[in-house]
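Peer 1: Provided below are the primary sequence and the corresponding predicted coordinates.
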Amino acid sequence: MGISVKEALELDCFRGARLIAGQSGLDRPISRVSVLESPDLDDFGNAMGRGDFYISSFFAIKDDLEAQMNTFKILTNTSSSGLCLIDLYMDDLSPGIKEYADREAYPVMMISNFVPYAAIITEIMGAIIKHKEDTITEMTIRSLLQPMVTEQEVYSMAMGINNKFLDSVGALYLKTGSDQEADIAVLKNSFKGKEHWSFLKFDGGLLLIMSFGKESKERINMQLNQVLDGIDYYFRHYRMGISRFHRSLGNLNTCIREALMSYEVCDRRSDNKVYYNDLGVYRLLMLIKDEPELRRFHDEMVVPLESYDRQNGTSLLNTAISYVDNDGDIKKTAQHLYQHQNTIRYRLNKVKEILDMKEMGGSFYEKLSIAIKINKILKERL
């Protein structure tokens, strides 16, 4: 559980560093960092291991191209992750050695001799430790979400994530399309002093767990709105799911599930944010989204409209979607589509005709609404 060379290059100590060879090997993992200044690598090579990242000035071999090539062969044969050269005695490698490094996908970077070895070692090892902690936390969250976990087990795992969690708890899950570490840093900086909150990486996104003591519902909602305002301010593009708040830390798994489900619906509907309380029938549909019967119901209602539109150059399905999005209000649907209300009525009658539902009353909208919501859930899978 290390970090990649590419991730290491994003650390502050590598600001201004030049990648001079092996760009295709930036995904190599780093497990530890060592200084390499020994003039005799034959014995040192036995101590090298997979994932070792080395720092060197090549002082002992700065004028010996054969020794430099031999060094690179040892480095690649031991599956080390990369080499950081200090530019104290040299500012580049020979073309032949760089070609070898490129061929072996072995990353080599040059960095200023004003950057202390200790800074490089400290920052990389700190990032490795942080990555391991993030991995353990993500595994804990996945364990929380397993079925049949008791409330006491949830409480114990929650305290393992943050032993300062308070009794009431809620969760937000969002993705911004940018760097998770940077997103977390922004939010942590914005909400300093919230030791009883946790800002966590999870499944490619950011999971914010907010806990509270005996605050009133109004006080909790006020702080939630402050968070939402902060997210709006700092992130231009994001999708977010927001759970309900629960009065027991033992319900943290439920909070996280609610936030994840709300995010998934938000993503399928291309909304900005979705509250679990506003999911309505989506709460049920998401639970059975992989059931064959759900797909059959969808295909019976939606596929005929898609086929008709494709063959006739119409937009009946789009009209049906807008009709459902506007809660069955023909006036609002007409305004949304910039059409006359009679045009919308004609199109909806055509939909009923195609689906053989002309004799149905209110159940037409009910079935159409469910079919359109299923379509939004399944649209990325179709």
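Peer 2: Looks like it arrived, so ask away. Note that the coordinates shown come from a computational prediction; the quantities given were computed from them, not determined experimentally.
Peer 1: where do the strands sit along the stretch 101-250 of the chain?
Peer 2: Remark: strands assigned in the stretch 101-250 of the chain by DSSP state E, counting those that start in this stretch are 108-111, 168-175, 198-202, 205-212, 239-242.
Peer 1: need the ones you listed in JSON lines (columns: mean neighbour count and distance to V351).
Peer 2: (Each C-beta comes from the backbone N, C-alpha and C, glycine too.) As requested, the strands of the stretch 101-250 of the chain are exported to JSON lines (neighbours: other Cβ atoms under 10 Å; distance: least, Cβ to Cβ, whole Å):
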{"stretch": "strand 108-111", "mean neighbour count": "20", "distance to V351": "61"}
{"stretch": "strand 168-175", "mean neighbour count": "24", "distance to V351": "34"}
{"stretch": "strand 198-202", "mean neighbour count": "20", "distance to V351": "41"}
{"stretch": "strand 205-212", "mean neighbour count": "23", "distance to V351": "37"}
{"stretch": "strand 239-242", "mean neighbour count": "25", "distance to V351": "30"}
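Peer 1: what's the closest of those strands to K352?
Peer 2: K352 sits nearest to strand 239-242 of all those, at 34.0 Å, using Cβ to Cβ.
Peer 1: now do the closest one: distance to the chain's middle.
Peer 2: The chain centre lies 12 Å from the centre of strand 239-242; the measure is Cα atoms, centre = their mean, to the nearest Å.
Peer 1: related to what we said a few turns ago, can you add mean pLDDT and give the strands of the stretch 101-250 of the chain back as TSV?
Peer 2: Below are the strands of the stretch 101-250 of the chain laid out as TSV (pLDDT from 0 to 100):
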stretch	mean pLDDT
strand 108-111	95
strand 168-175	95
strand 198-202	93
strand 205-212	94
strand 239-242	95
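Peer 1: can you tell me which of the ones you listed is nearest to L19?
Peer 2: The closest of the strands of the stretch 101-250 of the chain to L19 is strand 108-111. By Cβ to Cβ, the value is 5.0 Å.
Peer 1: if we can go back for a sec, export the strands of the stretch 101-250 of the chain to JSON lines and tack on distance to E123?
Peer 2: Formatted as JSON lines, those follow (distance: least, Cβ to Cβ, whole Å):
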{"stretch": "strand 108-111", "distance to E123": "12"}
{"stretch": "strand 168-175", "distance to E123": "27"}
{"stretch": "strand 198-202", "distance to E123": "19"}
{"stretch": "strand 205-212", "distance to E123": "23"}
{"stretch": "strand 239-242", "distance to E123": "31"}
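Peer 1: for stretch 121-139, output the C-alpha coordinates as PDB.
Peer 2: Taking Å, rounded to 0.1, in the frame of the first residue of the first chain, the C-alpha atoms of stretch 121-139 are listed here in PDB:
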ATOM      1  CA  ILE A 121      12.300  11.400   2.400                       C
ATOM      2  CA  THR A 122       9.900  12.900   5.000                       C
ATOM      3  CA  GLU A 123       7.300  14.000   2.500                       C
ATOM      4  CA  ILE A 124       7.300  10.800   0.500                       C
ATOM      5  CA  MET A 125       7.100   8.600   3.600                       C
ATOM      6  CA  GLY A 126       4.400  10.900   5.100                       C
ATOM      7  CA  ALA A 127       2.400  10.400   1.900                       C
ATOM      8  CA  ILE A 128       2.800   6.600   2.000                       C
ATOM      9  CA  ILE A 129       1.600   6.500   5.600                       C
ATOM     10  CA  LYS A 130      -1.300   8.800   4.800                       C
ATOM     11  CA  HIS A 131      -2.200   6.500   1.800                       C
ATOM     12  CA  LYS A 132      -2.100   3.400   4.100                       C
ATOM     13  CA  GLU A 133      -4.400   5.200   6.600                       C
ATOM     14  CA  ASP A 134      -6.800   6.200   3.800                       C
ATOM     15  CA  THR A 135      -6.800   2.600   2.600                       C
ATOM     16  CA  ILE A 136      -7.600   1.200   6.100                       C
ATOM     17  CA  THR A 137     -10.400   3.800   6.500                       C
ATOM     18  CA  GLU A 138     -11.900   2.900   3.200                       C
ATOM     19  CA  MET A 139     -11.800  -0.800   4.100                       C
END
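Peer 1: switch to numbering from 6
Peer 2: Fine by me, first position is 6 from now on; the one you just mentioned is stretch 126-144.
Peer 1: what sits up against that stretch?
Peer 2: With contacts defined as Cβ atoms under 8 Å, 6 or more residues apart in numbering, stretch 126-144 is touched by 6-8, 12-13, 16-18, 35-38, 40, 58, 60, 166, 205-208.
Peer 1: next, the buried residues of that stretch.
Peer 2: Residues of stretch 126-144 classed as buried by neighbour count (16 or more other Cβ atoms under 10 Å): 126, 128-129, 132-133, 136, 139, 142.
Peer 1: check stretch 225-233 too.
Peer 2: Neighbour counts over stretch 225-233 (16+ other Cβ under 10 Å) mark 228-229, 232 as buried.
Peer 1: just those now: which is nearest A187?
Peer 2: Once Cβ to Cβ is applied, the member of the buried residues of stretch 225-233 that ends up nearest A187 is V232, at 17.4 Å.
Peer 1: check contacts around that closest one.
Peer 2: By Cβ under 8 Å, 6+ apart, the neighbours of V232 are 177, 196, 213, 215.
Peer 1: doesn't N354 make contact with K363?
Peer 2: Yes: between K363 and N354 there is a contact under Cβ atoms under 8 Å: 7.4 Å.
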